[in-house]
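Enquirer: Any chance you could fold what I've pasted below:
(one chain, ligands or ions: 1)
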Amino acid sequence: MSGDDAAAMNSAPVLRCHEVSKRYGRTQALDRVSLAVAAGEMVALLGPNGAGKSTLFQLLTGLFVADSGSVEVLGADMRREPVRALSRLGVVFQQPALDLNLSVRASLRFHADLHGLPGAVSRPRIEALLARFGLADLARKPGRELSGGNRRKVELVRALIHEPRLLLMDEATVGLDPGSRAQLLEDVLQARSEHGLGVLWATHLVDEAERAQRVIVLHKGHVLWDGEARALCAQEGVPTLQGAFLKLTGGQKNAMAA
Ligand SMILES: Nc1ncnc2c1ncn2[C@@H]1O[C@H](COP(=O)(O)OP(=O)(O)OP(=O)(O)O)[C@@H](O)[C@H]1O
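Expert: Next comes the predicted model:
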């Protein structure tokens, strides 16, 4: 790690969005969204369908550029220094993106190569991650032979290969059964503690957001809440995060926990 990186880690959040806006034609998908994630912090980005979560993730991962505002990953501006910014984040997208024909190990090695990691670094790292996430016995199997939960787990390992400081999870539990969903959440929470990762976990499921240290509620492109779940419940005068979320967003039915 360079001196600059070390200084950035000590002084800046791992992710900082400042007044980010994005419009599709007449739809204002994001309207001056500001948020930050600190090292070692798990933040839930909770929003109903159409809130703007995927749009925000597209901006955070450099797929699109914001109309205005800025995104910084450990101080590296996504517009001015995209390679530096992207090298510091790992992402698991909503859509499954595992090559089903490659073996788990080959898939991970391919991604390590894409990150420019020398084999001497990546090979032991991959073996350690496979062991750490209970995937060692599956390493030789092609992706198609894995369960949905294990495929997602491989995608998580893939996102961690280059040792990012920020992990972005874009509704990564969609399509998983309740057990696999809970396991993925536990794995991410553990990776966060072990590696001091900042995590932004996008979801429309309130029970997942309850595990985060901080909850950001996004609705129709606006941040309606940024703080602890308990404080949101107190503000809305209801005992549960689900009740508070429904009250805040006007009773979106899709906020129901799965
Ligand atoms: N490519 C696009 N063209 C036009 N409108 C879009 C496009 N992508 C998203 N939108 C609109 O922008 C708004 C935000 O959508 P986005 O997909 O970011 O929300 P989301 O919170 O990720 O929802 P979901 O949980 O359903 O994925 C919605 O009104 C959506 O219809």
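Enquirer: List the contacts of residue 226.
Expert: By C-beta atoms under 8 Å, 6 or more residues apart in numbering, the residues touching residue 226 are 35, 214-217. For every residue, glycine as well, the C-beta is placed using N, CA and C.
Enquirer: per-residue confidence averaged over the helix or strand harbouring residue 123?
Expert: Under the criterion DSSP states H and E, the helix or strand holding residue 123 is helix 119-132. On average, the pLDDT along helix 119-132 is 93.
Enquirer: So which bits of that helix are buried?
Expert: Of the residues in helix 119-132, those buried under the neighbour-count criterion (16 or more other C-beta atoms under 10 Å) are 122, 125-126, 129-130.
Enquirer: coming back round to it: quick one, which of the contacts of residue 226 are buried?
Expert: Buried members of those, scored by 16+ other C-beta under 10 Å, are 35, 214-217.
Enquirer: Show me the beta-bridge partners of residue 227.
Expert: Each beta-bridge partner of residue 227 is listed here, defined by DSSP bridges: residue 215.
Enquirer: Am I right that it is in contact with residue 217?
Expert: No. Under the criterion of C-beta atoms under 8 Å, residue 227 lies out of contact with residue 217, with a separation of 9.5 Å.
Enquirer: Now residue 89: closest residue in space, sequence neighbours ignored.
Expert: Spatial nearest neighbour of residue 89, chain neighbours left out: residue 166 (4.4 Å); criterion: C-beta to C-beta, 6 or more residues apart in numbering.
Enquirer: partner residues bridging the one you found?
Expert: In this structure, residue 166 has beta-bridge partners residue 89, residue 198, where bridges are defined by DSSP bridges.
Enquirer: Would you confirm that residue 155 contacts residue 92?
Expert: Yes. Applying C-beta under 8 Å as the test, residue 155 and residue 92 come out as touching, 5.0 Å apart.
Enquirer: Which neighbours do the two have in common?
Expert: Contact with both residue 155 and residue 92 is made by residues residue 172, according to C-beta under 8 Å, 6+ apart.
Enquirer: What is the burial count for residue 210?
Expert: Residue 210 sits with 15 neighbouring residues when counted by other C-beta atoms under 10 Å.
Enquirer: ranges for the strands of this protein?
Expert: Counting by DSSP state E, the chain has strands at residues 15-24, 27-37, 42-46, 68-73, 76-77, 89-92, 166-170, 198-203, 214-219, 222-227.
Enquirer: would a markdown table of those with mean pLDDT be doable?
Expert: Rendered in a markdown table, the data for the strands of the chain read as follows (pLDDT from 0 to 100):
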| stretch | mean pLDDT |
| --- | --- |
| strand 15-24 | 96 |
| strand 27-37 | 96 |
| strand 42-46 | 96 |
| strand 68-73 | 96 |
| strand 76-77 | 93 |
| strand 89-92 | 94 |
| strand 166-170 | 95 |
| strand 198-203 | 95 |
| strand 214-219 | 96 |
| strand 222-227 | 96 |
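Enquirer: Dump the ones you listed into CSV; add distance to residue 134 as well.
Expert: Converted to CSV, the strands of the chain look like this (distance: least, C-beta to C-beta, whole Å):
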stretch, distance to residue 134
strand 15-24, 28
strand 27-37, 27
strand 42-46, 21
strand 68-73, 29
strand 76-77, 33
strand 89-92, 17
strand 166-170, 19
strand 198-203, 20
strand 214-219, 29
strand 222-227, 34
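Enquirer: just checking, residue 212 touches residue 169?
Expert: No. Shown here, residue 212 and residue 169 do not form a contact pair, counting by C-beta under 8 Å, at 10.8 Å.
Enquirer: the more surrounded of these two?
Expert: When neighbours are counted by other C-beta under 10 Å, residue 212 and residue 169 differ, and residue 169 comes out ahead with 28 against 22.
Enquirer: Can you name the residue of the stretch 101-250 of the chain nearest the ligand?
Expert: With C-beta to the nearest ligand atom as the measure, the residue in the stretch 101-250 of the chain that lies nearest the ligand is residue 204; the distance is 5.4 Å.
Enquirer: If anything else comes up later, I'll come back, but that's it for now.
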